[in-house]
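>>> Curious how this folds, go ahead:
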Amino acid sequence: PGESFEQHVTRIFTTQSNPKYFAADFWRLGVILSVEKSVPEQTARRQFLKIRETQREELASWWRAILPQPLLAQLPQLPKKLSMLTLAMQDGNAIAGASGESLDDFQSILTSCLIHLVEQAQQSVAQVVEKPKRIRAAKSKSL
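Numbering: from 1, shown residues only. Okay, the predicted model is just below:
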């Protein structure tokens, strides 16, 4: 309560308690399991993929809870897409961290990207909603 959308996203993604390399060890193991398809590793691979799906679902649920309802009504897949993008970007920084090339200000960059994507989605929905109003207004003036 009392936070704007931008303030909330910023607080969640830029807290000091976030590790510099988001779950890097988990991700390294996951990369191995994701590309390895031999029979002995199948159980571990399935478990890793199940955990990843749970992460995506939790993030999508969080996005659904904080995104404006009119936006969700027009773009119901947006929470899923944002959750996938969030994890992909965090994964990429974890890989970079493992190789000594991570971005020190990654969380701030991630936050800015996510806020910008939501703003762009809102603008595109507003344009779609506004366009029929202009058409109706033009038709009523011509009558």
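
>>> Following the helix or strand of the chain with the lowest mean pLDDT in sequence, what is the next regular element?
Between all helices and strands in the chain, the lowest mean by mean pLDDT, DSSP states H and E belongs to helix 24-35, at a mean of 70. Using DSSP states H and E, the helix or strand that follows helix 24-35 towards the C-terminus is helix 42-66.

>>> What is that next one packed up against?
Judged by 3 or more Cβ pairs under 8 Å, 6 or more residues apart in numbering; DSSP states H and E, the packing partners of helix 42-66 are helix 5-14, helix 24-35, helix 78-98. (Each C-beta comes from the backbone N, C-alpha and C, glycine too.)

>>> is it possible to export those to CSV including distance to V128 and mean neighbour count?
Below are the helices and strands packed on helix 42-66 laid out as CSV (distance: least, Cβ to Cβ, whole Å; neighbours: other Cβ atoms under 10 Å):
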stretch, distance to V128, mean neighbour count
helix 5-14, 20, 15
helix 24-35, 37, 15
helix 78-98, 14, 18
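
>>> Least confident of these, on average?
The minimum mean pLDDT among the helices and strands packed on helix 42-66 belongs to helix 24-35 (a mean of 70).

>>> just to revisit the earlier point, make TSV from the helices and strands packed on helix 42-66 and add distance to I51 to it.
Converted to TSV, these look like this (distance: least, Cβ to Cβ, whole Å):
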stretch	distance to I51
helix 5-14	20
helix 24-35	8
helix 78-98	11
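
>>> which residue is nearest the middle of this protein?
Centroid check for the chain by Cα atoms, centre = their mean gives L82 as the closest residue, at 2.7 Å.

>>> what sits against the nearest residue to it once chain neighbours are set aside?
Nearest non-adjacent residue to L82, counting by Cβ to Cβ, 6 or more residues apart in numbering: W63, 4.9 Å away. By Cβ atoms under 8 Å, 6 or more residues apart in numbering, W63 lies in contact with 78-79, 82-83.
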